[in-house]
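1. The following block contains a protein sequence and its predicted model.
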Amino acid sequence: MAKMKACPVCGQKVGIDKLEGHIKRVHPREKIEVGLDEEEEKEVKAAKKTYKPVSRPKGRWIVLAAAIVIIIVVLAFVLAPRGLKVGDTPPDFTLNDTNGTPWNMDSHVRIGKPILLEFMHPQCSFCQDEVRLPTSPLRSLYNTFSTRIELVSIAITLEEPTFINPPTLETVNGFKSNYSTLWTYLIESSGTHVRDIYEVKGTPNFFLIGTNGKIAYIQRQGGGLDDIIAELNKELTP
């Protein structure tokens with residue numbers, strides 16, 4: 001520890017290594033030389049070598065760090081996958097129907113008629129149950145609304161080892177023939193990704209596009225069609 005020495009201004013005893021700082025801090029207007037002898041100078045130098053730097057965050061670094069955190073949070077929110085939801089514009093796509101004719105989503109949305117999209121697979125037992133009998137849910141829905149809506153079924157690949165994937169024209173036409181379904185069927189080939197952009201994980205999966213061109217209702221795998229029918233009645237009510 002450095003020896004003590006009286007301040008030449010106030011007389012307070014201060015370590016000689018702190019004396020100069022004391023005068024500048026406490027007596028800033030005084031123009032006084034500390035006046036250390038050679039031995040004292042050596043002692044001050046030796047004492048300063050033992051100092052440990054104190055890290056004091058500067059205000060601007062705190063602001064910068066806070067700004068970086070805010071930017072990261074905002075980017076995470078913006079870039080995070082949001083998932084399709086009611087009110088979104090349905091992603092556009094073009095697929096061929098069973099006659100080889102291209103069917104484009106945006107073109108049909110502009111017509112202004114409600115569109116019910118069904119994602120299905122010809123070998124999906126739930127999809128078969130939807131149309132197996134005249135009173136089956138999807139067949140009944142079509143019979144009720146066929147002149148006022150557009151019903152479109154999209155045959156997609158399902159990760160089932162016993163299924164034919166991707167669905168072929170033969171398997172889709174076989175499904176239509178077996179169950180006498182009369183609406184439009186589209187076939188997703190191995191080079192298209194409609195299933196992915198609509199985030200479909202299983203079948204049947206329904207999207208109702210309203211007269212305003214926005215998604216009005218989403219029904220993921222499972223569940224009846226009562227809610228879809230209720231939404232369709234809302235869309236078709238003047």
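-> Cool, got the structure. Numbers count the residues shown, from 1 in each chain.
2. how does this structure divide into domains?
-> 4-49, 94-236 (automatic domain parsing).
3. what's the average pLDDT for the shortest one?
-> Read that as domain 4-49. Averaging pLDDT along domain 4-49 yields 72.
4. Any idea which of the domains of the chain gets closest to residue 62?
-> domain 4-49 (24.8 Å; Cβ to Cβ). The C-beta positions use only the backbone N, C-alpha and C, and glycine is treated the same way.
5. Please compute how far the closest one lies from its chain's middle.
-> 63 Å (Cα atoms, centre = their mean, to the nearest Å).
6. Repeat that for stretch 148-157.
-> 27 Å.
7. Show me which positions of it end up buried.
-> 149, 150, 151, 152, 153, 154, 155, 156, 157 (16 or more other Cβ atoms under 10 Å).
8. go on, stretch 218-227?
-> 218, 219, 225.
9. Just the residues contacting it, thanks.
-> Stretch 218-227 is contacted from outside by 84-86, 126, 130, 137-138, 141, 201-208, 217, 228, using Cβ atoms under 8 Å, 6 or more residues apart in numbering.
10. what's the average pLDDT for that stretch?
-> Stretch 218-227 comes out at a mean pLDDT of 85.
11. That stretch spans what distance, first to last residue?
-> 10 Å (Cα to Cα, to the nearest Å).
12. Tell me which residue of this structure is furthest from the middle?
-> Distance from the C-alpha centroid of the chain peaks at residue 37, with 71.1 Å (Cα atoms, centre = their mean).
13. For that one, give its distance to residue 131.
-> Residue 37 sits 106 Å away from residue 131, taking Cβ to Cβ, to the nearest Å as the criterion.
14. now the helices: where do they sit in this structure?
-> 16-26, 38-49, 59-79, 105-109, 125-129, 137-145, 169-179, 194-197, 226-236 (DSSP state H).
15. which stretch among those helices comes nearest residue 185?
-> Of these, nearest to residue 185 by Cβ to Cβ is helix 169-179, at 5.4 Å.
16. so what does the closest one touch, helix or strand wise?
-> Secondary-structure packing of helix 169-179 (3 or more Cβ pairs under 8 Å, 6 or more residues apart in numbering; DSSP states H and E): strand 150-155, strand 184-187.
17. Quick check: mean pLDDT of the last one?
-> Per-residue pLDDT over strand 184-187 has a mean of 97.
18. Paired strands for that strand, with orientation please.
-> strand 94-97 (antiparallel), strand 150-155 (parallel) (DSSP bridges).
19. send the alpha carbons of that strand over as CSV?
-> Output in CSV follows, covering the C-alpha atoms of strand 184-187 (Å, rounded to 0.1, in the frame of the first residue of the first chain):
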residue,chain,number,x,y,z
THR,A,184,-62.9,-31.8,-60.4
TYR,A,185,-59.9,-33.8,-59.4
LEU,A,186,-56.3,-32.5,-59.7
ILE,A,187,-53.2,-34.6,-59.5
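20. Now find how far off-centre it is within its chain.
-> The answer for strand 184-187 is 30 Å, by Cα atoms, centre = their mean.
21. who touches it?
-> Against strand 184-187 from outside (Cβ under 8 Å, 6+ apart): 95-98, 103, 150-155, 166-169, 172, 175-176.
22. how about that strand: buried residues?
-> For strand 184-187, by 16+ other Cβ under 10 Å, it's 184, 185, 186, 187.
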